[in-house]
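Participant: Need coordinates for the below:
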Amino acid sequence: MSKDEIFGFDKAEDSPGFLLWQVSNLWQREIRKILEPLDLTHAQFVVLAVTYWLECSGVETTQIRISDQAKTDPMSTSTALRTLEGKKMVSRFAHDSDTRAKLVRVTAEGKNLLKVAVREVEAFDERFFAPLGSRRKDFLKGLQGLCDV
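Facilitator: Prediction:
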C-alpha cells in the first residue's frame, strides 16, 4: 500500500490536525516548565484561572460552570479542584439552593499564585506567538471558531 492510498495530502505538514498536535506539544512542554516550579499542573492552572475569571465576572462559580468554561470534563475539573483545595488555592462549599452543586472561590493564596503564573504564562505566550505578527487576531478568531464547533 502506498502513502497516497492512506493519506489525502502530499506532506505531513499539510494536515491541520498533525500541525496542531505539533504546535500544541511544543507549547504545552514550555507551559509545563513554567508551571512546575509553581507546583501547578497545566490543568490546575487553567481551572484556577477560569475559576477566578468567573468569580470576577460576578457569575455563580460552580464546578460545572468552570468545566464548561474551561472545556474540560467534569471529572477532571473536580480532580483539579480537589487538588487545588488541598493546596489551599481554592475553597469549595455547598450551594445554597442546589444540593448537587458546589460553589468555588479562589483563596488569597490562590490569587497570589495565579498573579505570578498568569504573568509568566502570558509573557511566554507573547514570545511563542510572536511569529504570527499581524495575523494574531485572525489566528485567535480561527481558534475561537473551532472551540464553538
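Participant: For stretch 140-149, the averaged confidence score.
Facilitator: On average, the pLDDT along stretch 140-149 is 86.
Participant: Can you list the neighbours in contact with it?
Facilitator: Residues from elsewhere that reach stretch 140-149 (CB atoms under 8 Å, 6 or more residues apart in numbering): residue 71. No exception for glycine: its C-beta is placed from N, CA and C like everyone else's.
Participant: Just the buried residues of it, please?
Facilitator: Under the neighbour-count criterion of 16 or more other CB atoms under 10 Å, stretch 140-149 has nothing buried.
Participant: Over to stretch 75-93?
Facilitator: Residues of stretch 75-93 classed as buried: 77, 78, 80, 81, 83, 84, 87, 89, 90, 92 (neighbour count, 16+ other CB under 10 Å).
Participant: Dump those to CSV, plus secondary structure.
Facilitator: Converted to CSV, these look like this (DSSP: H, G, I helix; E, B strand; the rest coil):
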residue, secondary structure
77, helix
78, helix
80, helix
81, helix
83, helix
84, helix
87, coil
89, coil
90, strand
92, strand
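Participant: quick one: contacts for residue 10?
Facilitator: With CB under 8 Å, 6+ apart as the criterion, no residue contacts residue 10.
Participant: which SS class is it?
Facilitator: Counting by three-state DSSP, the backbone at residue 10 sits in coil.
Participant: Isn't residue 132 up against residue 139?
Facilitator: Yes. Taking contacts as CB atoms under 8 Å, residue 132 lies within contact range of residue 139: 5.3 Å.
Participant: a markdown table for the buried residues of stretch 75-93, including distance to residue 9?
Facilitator: What follows is the buried residues of stretch 75-93, written out as a markdown table (distance: CB to CB, whole Å):
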| residue | distance to residue 9 |
| --- | --- |
| 77 | 36 |
| 78 | 40 |
| 80 | 37 |
| 81 | 41 |
| 83 | 41 |
| 84 | 42 |
| 87 | 45 |
| 89 | 44 |
| 90 | 45 |
| 92 | 47 |
